[in-house]
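# would you be able to build a 3D model of this:
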Amino acid sequence: MASDPPVPSRPTTPRPLTEAAFRDLYRRLRGRAPEGGENRRGALHRLTPERVVAAAAEVRCGRTVSLAATVETRSAPDSPEPASHRMTAPAHGETGAPGLVFARDRFAMNVHGDVDSHLDALCHVIFDGELYGGVPASTVTPAGAGALTLDLVRDGIAGRGVLLDIPRLREVPWLDPGDQVTAEDLVAAEAAQRTAVGPGDLLFVRVGHRLRRRTLGPWDVTRARAGLHPTAMEFLAERGVSVLGSDGNSDAAPSAVAEVGFPVHVLAVNALGLHLLDWLDFEELVPHCERQARWHFLCVIAPLRLPAATGSPVNPIALL
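The predicted structure is shown next:
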């Protein structure tokens, strides 16, 4: 007799957290952070050479897939200050000249905007006057950050990426703005996708933001966006995740904590020492994972070498 089909996970409405409850969660998670010399690399200390080698060994077909969105250069509700790109050469009429001519251009970006894919360094989030590991916020000055900067990942990040697709779990194309992903959602997605998140993994959580944006158009994500509920960060701490990425910015809006606008950023970066990847794009990756029935892959992340920076545009690559 055939078994009944699995019942899709339905969205629940997690309770908002009081400031006191959030601070208690913050203290618990901060207590899980590494101590001693390892703490300056944050959760990357779990991404050992052995785990990188194991991740590389799982490449099957050699297909590469970008997890970054196309850089936006036009103003939109979620991009009031878009990246700028302009040609600086050749000059008008120079293309028809004989001999050598170079085409040149210039690019500028608000790294921590709400549309372009980027990586958050550990110096990006200040909470109660401190950075991750109790580093004084005074190390961040107008001249640049002096500790926990992008320089920590100047050699790149490579490891086992795992994609958990929450809209797929709930049998919807995307999560609506304001929806929140719980730890129970993450566990259920693991089971549905027959995968598991483990120590040192690069965890990617799809909320369907990019598909919704392409289908319905951009909107003001500062007011409403899907993301993780703060208590979901306990799942990441228990599994020993090294990096967190999403096709949103991991935080839902409105915030589950009225007094803290970006509670997941605080818990991930400031408490747990996780580098965050915001505003990624998983829409090309998902069909490959479905065809292979494998939701893990080697992932390589190569930020720019900006030693005193708090973040960088980034183009993560999944190798399947």
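
# distance of the closest residue in space to Thr182 that isn't next to it in sequence from Ala191?
For Thr182, ignoring the flanking residues on the chain, the nearest one in space by Cβ to Cβ, 6 or more residues apart in numbering is His229 at 5.2 Å. (Glycine included, C-beta is placed from N, CA and C.) For His229, the distance to Ala191 equals 19 Å [Cβ to Cβ, to the nearest Å].

# more crowded one of those two?
His229 (25 against 12; other Cβ atoms under 10 Å).

# show me the residues around that one that make contact.
When contacts are counted by Cβ atoms under 8 Å, 6 or more residues apart in numbering, His229 touches Pro14, Gln180, Val181, Thr182, Ala183, Ala252, Ala256.

# right, and the pair among those with maximum separation?
Ala183 and Ala252 (14.1 Å; Cβ to Cβ).

# OK, contacts around the residue lying closest to Pro199 once chain neighbours are set aside?
Leaving aside its chain neighbours, Pro199 sits nearest to Gly240 (3.4 Å; criterion: Cβ to Cβ, 6+ apart). Listed by Cβ under 8 Å, 6+ apart, the contact set of Gly240 reads Ala43, Arg46, Gly198, Pro199, Gly200, Asp201.

# so between Ala183 and Ala252, which is more surrounded?
Taking Ala183 and Ala252 together and counting by other Cβ under 10 Å, Ala252 has the greater number of neighbours (26 against 17).

# tell me how far the ends of stretch 238-245 are from each other?
Stretch 238-245 has its terminal residues 17 Å apart, counting by Cα to Cα, to the nearest Å.

# buried set for that stretch?
The neighbour-count check on stretch 238-245 (16 or more other Cβ atoms under 10 Å) flags Arg239, Val241, Ser242, Val243, Leu244, Gly245 as buried.

# quick one: contacts for the fourth one?
Listed by Cβ under 8 Å, 6+ apart, the contact set of Val243 reads 43-44, 47, 157, 159, 201-203, 274-277, 301.

# which members of these are positioned in helices?
Residues of the contacts of Val243 located in helices (DSSP state H): none.

# nearest to Val187, of these?
Leu203 (12.6 Å).

# what segments of the stretch 51-200 of the chain are helices?
166-170, 183-193 (DSSP state H, counting those that start in this stretch).

# tell me which of the ones you listed lies nearest to Ala56.
Closest approach to Ala56 among those is made by helix 183-193 (21.5 Å; Cβ to Cβ).

# name the residues of that closest one that are buried.
Buried, per 16+ other Cβ under 10 Å, within helix 183-193: Ala183, Asp185, Leu186, Val187, Ala188, Ala189, Glu190, Ala192, Gln193.

# and what of stretch 307-320?
Applying 16+ other Cβ under 10 Å to stretch 307-320 flags Ala308, Ala309, Thr310, Gly311, Ser312, Pro313, Val314, Pro316, Ile317, Ala318, Leu319, Leu320 as buried.

# just those: which are in strands?
Gly311, Ser312, Pro313, Ile317, Ala318, Leu319 (DSSP state E).

# nearest to Thr215, out of the helices of the stretch 51-200 of the chain?
helix 166-170 (12.3 Å).

# for the closest one, which helices and strands make contact with it?
helix 183-193, strand 202-206 (3 or more Cβ pairs under 8 Å, 6 or more residues apart in numbering; DSSP states H and E).

# ok, so of the ones in strands among the buried residues of stretch 307-320, who is nearest Arg104?
Scanning those for proximity to Arg104, where the rule is Cβ to Cβ, the winner is Pro313, at 19.2 Å.

# residue ranges with poor pLDDT in the protein?
1-12, 34-39 (pLDDT under 70).

# contacting residues for Ala232?
With Cβ under 8 Å, 6+ apart, Ala232 has these contacts: Val181, Thr182, Ala183, Asp185, Leu186, Val264.

# one more time with 6 Å, if that's ok
With contact taken as Cβ atoms under 6 Å, 6 or more residues apart in numbering, Ala232 is in contact with Val181, Thr182, Ala183.

# same question, Leu186
Leu164, Phe235.

# let's go with 10 Å and repeat that
Leu164, Ile166, Leu169, Val197, Leu203, Val205, Leu228, Ala232, Phe235, Leu236, Arg239 (Cβ atoms under 10 Å, 6 or more residues apart in numbering).

# and which of those is nearest Pro142?
Leu228 (32.0 Å).

# returning to that earlier point: now the contacts of Ala232 as a markdown table including distance to Gly62?
Converted to a markdown table, the contacts of Ala232 look like this (distance: Cβ to Cβ, whole Å):
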| residue | distance to Gly62 |
| --- | --- |
| Val181 | 32 |
| Thr182 | 36 |
| Ala183 | 34 |
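
# and Gly113, which of the helices and strands packed on helix 166-170 is closest to it?
Nearest of the helices and strands packed on helix 166-170 (Cβ to Cβ): strand 202-206, 19.8 Å.

# excluding chain neighbours, what is closest to Gln289?
Check again: residue 289 is Cys, not Gln. Cys289's closest residue in space is Trp295 (Cβ to Cβ, 6+ apart), at 5.0 Å.

# done for today, thanks.
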